[in-house]
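Novice: Based on what follows, work out the 3D shape:
(chains A and B)
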Amino acid sequence: MELLDFARGPALQFGLYVFSFGVAFRLAALLLLPRTKDLSKARANTPGVIKASGREIIRRMWPQPAYAEATRFTTINGYIFHLGLAIIVFGGTPHILFLKGLLGISWPGLPTNIINGVAVITFLSLIAALVHRLQSPVLKAISTANDYTTWIVTMLPVVTGLLAVSHLGWRYETLLGVHILSIAVFLVWFPFGKLMHAFLIFLARGETGTHLAHRGAQL
Amino acid sequence: MREHNTLGQTLQERGISRRAFLKYASYLATLMALPPSASRVIAEEMAKAHRQSVIWLSFQECTGCTESFTRSMSPTLEDLIFDFISLDYHHTLQAVSGAAAEHAREAAMKANKGKYIVVVDGSVPLKDGGVYSTIAGITNLDMLRDTAKDAFAIVSVGTCSAFGGIPHANPNPTGAVAISEIIKDKPVINIPGCPPIPEAMTGTLAYLLSFGKLPELDASHRPLAFFGETIHDRCYRRSFYERGMFADSFDDEGARKGWCLYKVGCKGPIAYNACATLKWNGAVSFPIQSGHGCLGCSEPDFWDKGGFYKPLSAATAGLTLGVGGAALAGAAAGAAGAELVRRKKAAAANAGKKEG
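Specialist: Sure, this is the predicted structure:
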């Protein structure tokens, strides 16, 4: 069995199984945990859970004016690589075909050159995120192996994908095999590292919004 | 043609001018991406060369490679090159000759010891002592070992002999293997394809005749001149791939307009062959030009790459059920974990009440 056959077959299969098991495990464990009942009385005119959650999720999409300058780079750079990753994953035709094999649905893809351009921007943005993390004393102090591992497993598919479409280094089939393997690694790490924020971020912000609204905060 | 004629003399007898022969040498040199000076060397060496003894062994195969070879639309001059080769044994063409054919093979081996070329099409079955394919009561394995031991080089023609091909496909009931897995002490050149392009076969043999050495090969022992680039790299539909214009099926508008066939399973990006440049049937067409994706037939295990119509980027294993099952198992495990916490919490609360 060649590398590409292994990557497209057992490796991807293992990655997806671990991903779906892990995500379902973490979500179920978190959502079904017993909660301590809030015995305090809600303030007057407290919005409902959906309204409070929704408002908080939207409010946190952009930093408050007091923090805008201090967090400008993190916010803008964060949007760049997150949107970049989304465009690559959901706009690249080979990726759409992969998702179609999994989900049974597909949509039109973007031209290869646009995907390549977005991938280069995403690559540079991820590099900038790492440099910023290493240069900021506070960020550096609170960073753990989890953060760096998450950065590496996110960066690997971007780099190997760019190398594969550019035919740089090894032969195309080897690069494609390495690219798919890097995605398998990404999927295995996803539920157990900080990548899980993709599922948890809106739950956490919604929950925060509900708590704050209960206590009378104007969201 | 007299047995001891050189190619130059043979060509003269047939009325082929030196100019035409030089043109043919240039064609061969261009075909194999050799420097301009090589065409003169080819012409000179081939003109001086004597008949090259070739023993052609046909093992576990469908005869498609021989069909491709004998029905080549190549220039007539190229046919002369094959007149020039002494095809001392060809199992398929000599099948009716019986024992006489086997004697011819043995005689050719004795007379040209260390100089003859063995061309093999078909894989070799190893299971159960190799009984699944025999010729004149001799297993393919024994015949190959016996014939190859005094050969100058082995040329594996077709994907079956180069990589095991269709007989090697899962579940490989006969234990079929490629020639290179058996012959380790002789140079083996692979010219894969199902069937291979005639010019790749004739060009490689002409190179061996002209230079007396092996052409430059890739990691899979394929001549780089013919297998150095992918079908995708030379495909005339490549621009549609770059622009994101694909046929979604074989009868939609994209297919009618000749857009890229990646979505319908084309393996061009991983298939190294010269179909897109040399083409077939006298350079008339090739599979993609006829509207069908490349099967990647010149690659190892092309039959077992998850299906001809499955896109290259799709997973080869059936995943939907497994992924759903894994998610259910994960949710159950998570719920069990939460329940465990709930019980611990309840036990702690009860213990607190008792103490209170």
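Novice: Tell me which helix or strand in chain A has the weakest average pLDDT.
Specialist: helix A:65-68 (a mean of 90; mean pLDDT, DSSP states H and E).
Novice: Return the distance of it from the chain's centre.
Specialist: Helix A:65-68 has its C-alpha centroid displaced from the chain centroid by 24 Å (CA atoms, centre = their mean, to the nearest Å).
Novice: Check which helices and strands it sits against.
Specialist: The contact analysis (3 or more CB pairs under 8 Å, 6 or more residues apart in numbering or on different chains; DSSP states H and E) places helix A:65-68 against no helix or strand. For glycine as for every other residue, the C-beta is placed from the backbone atoms N, C-alpha and C.
Novice: C-terminal to that helix, which secondary structure element comes first?
Specialist: helix A:72-91 (DSSP states H and E).
Novice: CA atoms only for the least confident helix or strand of chain A - export them in CSV, please.
Specialist: Provided in CSV are the C-alpha atoms of helix A:65-68 (Å, rounded to 0.1, in the frame of the first residue of the first chain):
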residue,chain,number,x,y,z
PRO,A,65,-13.8,50.2,22.5
ALA,A,66,-11.7,50.2,25.7
TYR,A,67,-9.8,47.2,24.5
ALA,A,68,-9.9,47.8,20.8
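Novice: can you list the residues that contact that helix?
Specialist: Applying CB atoms under 8 Å, 6 or more residues apart in numbering or on different chains, helix A:65-68 has no contact partners.
Novice: Please apply the same query to stretch B:297-307.
Specialist: Here stretch B:297-307 has contacts from A:1-2, A:5, A:8-9, B:159, B:163-166, B:168-170, B:192-194, B:196, B:220, B:222, B:227, B:265, B:267, B:270-273, B:295-296, B:314-316, using CB under 8 Å, 6+ apart.
Novice: Among those, name the buried ones.
Specialist: A:5, A:8-9, B:159, B:163-166, B:168, B:192-194, B:196, B:220, B:222, B:227, B:265, B:267, B:270-273, B:295-296, B:314-316 (16 or more other CB atoms under 10 Å in any protein chain shown).
Novice: List phi and psi for B:H103.
Specialist: Dihedral pair for B:H103: phi -60, psi -40, per degrees, to the nearest 10.
Novice: Which residue ranges of chain A form helices?
Specialist: With DSSP state H, the ranges of helices along chain A come out as A:3-6, A:12-31, A:49-59, A:65-68, A:72-91, A:93-103, A:112-135, A:137-142, A:145-166, A:172-189, A:197-214.
Novice: list the contacts for the nearest residue to A:F21 once chain neighbours are set aside?
Specialist: Counting by CB to CB, 6 or more residues apart in numbering or on different chains, B:G330 is the residue found nearest to A:F21 once chain neighbours are left out, at 3.8 Å. Neighbour list for B:G330: A:S20, A:F21, A:G22, A:V23, A:A24, A:F25, A:R26, A:A28 [criterion: CB under 8 Å, 6+ apart].
Novice: Low-confidence stretches in the chain?
Specialist: No chain in the question, so chain A it is. Scanning chain A for pLDDT under 70 picks out the ranges A:1.
Novice: Wait, chain B was what I had in mind.
Specialist: B:1-4, B:71-84, B:96, B:356.
Novice: quick one on the thing from earlier: let's see which of the contacts of stretch B:297-307 end up in strands.
Specialist: Among the contacts of stretch B:297-307, no member falls in strands (criterion: DSSP state E).
Novice: Looking at these, which are in helices?
Specialist: Using DSSP H, the contacts of stretch B:297-307 in helices are A:D5, B:T159, B:F163, B:G165, B:I166, B:H168, B:F227.
Novice: Could you report the neighbour count for A:L31?
Specialist: A:L31 is flanked by 13 other residues according to other CB atoms under 10 Å in any protein chain shown.
Novice: now B:A107: how far from B:S97?
Specialist: Relative to B:S97, B:A107 is positioned 13 Å away (CB to CB, to the nearest Å).
Novice: so where does the residue in the stretch 251-356 of chain B that chain A sits nearest to fall, helix or strand?
Specialist: For the stretch 251-356 of chain B, the residue closest to chain A is B:G334, as judged by CB to the nearest CB, at 2.9 Å. In the assignment (DSSP H and E), B:G334 maps to helix B:320-355.
Novice: cool, B:W56 as well?
Specialist: Per DSSP H and E: strand B:53-58 holds B:W56.
Novice: which residue ranges form the strands in chain B?
Specialist: Using DSSP E, strands in chain B cover B:53-58, B:86-90, B:117-121, B:124-125, B:134-135, B:138-139, B:153-157, B:176-177, B:188-191.
Novice: so can I have JSON lines of those showing distance to B:Y24?
Specialist: Formatted as JSON lines, those follow (distance: least, CB to CB, whole Å):
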{"stretch": "strand B:53-58", "distance to B:Y24": "19"}
{"stretch": "strand B:86-90", "distance to B:Y24": "20"}
{"stretch": "strand B:117-121", "distance to B:Y24": "20"}
{"stretch": "strand B:124-125", "distance to B:Y24": "35"}
{"stretch": "strand B:134-135", "distance to B:Y24": "35"}
{"stretch": "strand B:138-139", "distance to B:Y24": "38"}
{"stretch": "strand B:153-157", "distance to B:Y24": "21"}
{"stretch": "strand B:176-177", "distance to B:Y24": "37"}
{"stretch": "strand B:188-191", "distance to B:Y24": "20"}
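Novice: Point out the one among those strands that comes closest to A:L168.
Specialist: A:L168 lies closest to strand B:188-191 among these, at 26.3 Å (CB to CB).
Novice: on that earlier part again, residues in contact with the residue of the stretch 251-356 of chain B closest to chain A?
Specialist: Counted by CB under 8 Å, 6+ apart, B:G334 has contacts A:A24, A:F25, A:R26, A:L27, A:A28, A:A29, A:L30, A:L32.
Novice: Which of these sits closest to B:P125?
Specialist: B:P125 lies nearest to A:A24 out of the contacts of B:G334, by CB to CB, at 47.0 Å.
Novice: In this structure the closest one contacts B:L328, no?
Specialist: Yes. The criterion here is CB atoms under 8 Å, and A:A24 meets it with B:L328 at 7.2 Å.
Novice: How about the contacts made by whichever residue of chain A sits closest to chain B?
Specialist: Going by CB to the nearest CB, chain B is nearest to A:A28 of chain A, at 2.9 Å. Shown in contact with A:A28 (CB under 8 Å, 6+ apart): B:G330, B:A331, B:A332, B:A333, B:G334, B:A335, B:G337, B:A338.
Novice: Quick check: the first one vs B:D252, distance?
Specialist: Distance check for B:G330 against B:D252: by CB to CB, it reads 39 Å.
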